[in-house]
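[1] my questions concern the predicted model and sequence given below.
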Amino acid sequence: MIIPKSSLIVSCQAPIDSPLFDPKIIAAMAKASINQGAKGIRINTPDHVKQVRKELPHIPIIGLWKQDYSGYDIYITPCYTDAVAIAEAGADIIAIDGTLRKRPQGEQLADLIHNIQQKLGKLVMADVDTIESAIASAQAGADFVGTTLYGYTKETENFNPPGFSLLEEMSQKLTVPIIAEGGISTPEDAKRALNYGAYSVVVGTAITGIDLKVKAFQAMFK
């Protein structure tokens, strides 16, 4: 398996209007994470993936492209054309929206997964929100299923990540590796996720989210 079991994956991303939204700065975050023991990196946009791959040629990269399509709610690598760009930039694993929501260009989840695997030769991580979408993604052939979208869809908007209850249910019903992602804010959260059956754990904002962290602290001064 390209990502070691019970390992830390760091999501190195930044808001598009942040000074940190620069390929070299994202790559620096990634290198600092790997230097301290992370075993993989999750990266958004082809430009960022390309820069990280250049500076970390042998590190597993989960790549994605957040794209807005008018009339559709999904935004994590929604279409095959988006996946192609991420694959060509150098990602090893393509993260896609694995929810049951309607997709642009009439694509179906199973077809998207199949094309990424067979045409691009890449593994697929399906980001899901519910046990139904997790099962559907696994049945469609996803190599990994992540709890990434728990709390971020209409179906789960009344719940707050991390989705430990979803993770536990997924570990009982799925045979594919499960990646815990979303709301993992402390080392204790990460350990708990592993105890609930996560294959590996992605941590983002708690490590690299300077903009969001400062904004949260600053709110306390108002």
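    Cool, got the structure. Numbering: from 1, shown residues only.

[2] now do the helix or strand hosting Ile62: which elements does it pack against?
    Following DSSP states H and E, one finds Ile62 within strand 61-64. Counting contacts by 3 or more CB pairs under 8 Å, 6 or more residues apart in numbering; DSSP states H and E, strand 61-64 is packed against strand 40-44, helix 46-55, helix 80-89, strand 93-97. Every C-beta, even on glycine, is put in place using the N, C-alpha and C of the backbone.

[3] those: which one's closest to Val214?
    Closest to Val214 of the helices and strands packed on strand 61-64, according to CB to CB: strand 40-44, at 19.8 Å.

[4] thinking again about what came up before, can you put the helices and strands packed on strand 61-64 in a markdown table and add distance to Phe144, mean pLDDT and mean neighbour count?
    What follows is the helices and strands packed on strand 61-64, written out as a markdown table (distance: least, CB to CB, whole Å; pLDDT from 0 to 100; neighbours: other CB atoms under 10 Å):
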| stretch | distance to Phe144 | mean pLDDT | mean neighbour count |
| --- | --- | --- | --- |
| strand 40-44 | 11 | 98 | 27 |
| helix 46-55 | 17 | 98 | 21 |
| helix 80-89 | 15 | 98 | 20 |
| strand 93-97 | 7 | 98 | 28 |
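
[5] looking at those, which is nearest to Gly183?
    Judged by CB to CB, the one of those that comes nearest to Gly183 is strand 40-44, at 14.6 Å.

[6] and the residue lying closest to Ser11 once chain neighbours are set aside, how many neighbours?
    Sequence neighbours aside, Gly204 is the residue nearest to Ser11 in space, at 3.3 Å (criterion: CB to CB, 6 or more residues apart in numbering). By other CB atoms under 10 Å, the residues close to Gly204 number 20.

[7] surely Gly204 touches Asn44?
    No. No contact is recorded between Gly204 and Asn44 when judged using CB atoms under 8 Å, the distance being 10.1 Å.

[8] what is in contact with the two at once?
    Both Gly204 and Asn44 are contacted by Gln13, under the criterion CB atoms under 8 Å, 6 or more residues apart in numbering.

[9] least confident secondary structure element in this protein?
    Per-element confidence for the chain was summarised using mean pLDDT, DSSP states H and E. The lowest value among helices and strands belongs to helix 210-219, with a mean of 94.

[10] picking that back up, redo the helices and strands packed on strand 61-64 as CSV? Include distance to Ile61.
    Formatted as CSV, the entries for the helices and strands packed on strand 61-64 read as follows, by distance: least, CB to CB, whole Å:
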stretch, distance to Ile61
strand 40-44, 5
helix 46-55, 6
helix 80-89, 9
strand 93-97, 7
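
[11] one step back: just the pLDDT at the residue nearest to Ser11, thanks.
    Gly204 is assigned a pLDDT of 97 by the prediction.

[12] any idea how far it lies from Gln51?
    18 Å (CB to CB, to the nearest Å).

[13] repeat that for Pro162.
    Using CB to CB, which is the criterion applied here, Pro162 is 29 Å from Gln51.

[14] okay, strands next: where are they in this protein?
    Along the chain, the stretches classed as strands by DSSP state E are 8-11, 40-44, 61-64, 93-97, 123-127, 144-146, 178-181, 200-203.
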